[in-house]
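Novice: Structural data only, the sequence is not supplied:
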């Protein structure tokens, strides 16, 4: 007979909470095991493997809807849908990295201005952010209703 786990032991083994397991049931990501009359549900190693799959996919940035698609592809039939999802995810990650590099450069520049300023009465970082806020308010002014 296959070794089975209770929901608590399954959750612990997968590194998730019991409520997460229940949520995955409601979302259709994890099948609800049958329950013998009056007995506690018992989860198989397949359930644990599926939870590990979900966690690994989440760590790569896949949403639960995308994971649902990946799980359907996990039957070994085709790889093209999974590859397309991964390529789309990679494109989003690269765009985010580009934004983060821009933010990093801008923050370094502003920090450098603060160090060079030497004047505690005015802060180049605050001045720059305030100027940007004023510019955005001026740009949005025609859209305001009076």
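Specialist: Thanks, I have it. As the structure is a computational prediction, the values presented were derived from the model and not from experiment. Numbers count the residues shown, from 1 in each chain.
Novice: how about residue 42, what does it touch?
Specialist: 4-6, 33 (C-beta atoms under 8 Å, 6 or more residues apart in numbering). For glycine as for every other residue, the C-beta is placed from the backbone atoms N, C-alpha and C.
Novice: ditto for residue 33
Specialist: Contacts of residue 33 (C-beta under 8 Å, 6+ apart): 41-44, 47.
Novice: 7 Å - rerun?
Specialist: 41-43 (C-beta atoms under 7 Å, 6 or more residues apart in numbering).
Novice: ditto for residue 29
Specialist: 54, 64, 67-68, 71.
Novice: that older thread, just put the contacts of residue 33 in CSV and tack on pLDDT, secondary structure and distance to residue 97.
Specialist: What follows is the contacts of residue 33, written out as CSV (pLDDT from 0 to 100; DSSP: H, G, I helix; E, B strand; the rest coil; distance: C-beta to C-beta, whole Å):
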residue, pLDDT, secondary structure, distance to residue 97
41, 89, coil, 42
42, 91, coil, 44
43, 93, strand, 38
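Novice: would you turn the residues you listed into JSON lines with distance to residue 94?
Specialist: Below are the contacts of residue 33 laid out as JSON lines (distance: C-beta to C-beta, whole Å):
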{"residue": "41", "distance to residue 94": "42"}
{"residue": "42", "distance to residue 94": "43"}
{"residue": "43", "distance to residue 94": "38"}
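Novice: Checking my notes, residue 16 in a helix, right?
Specialist: No: assignment of residue 16 by DSSP: H, G, I helix; E, B strand; the rest coil gives coil, placing it outside any helix.
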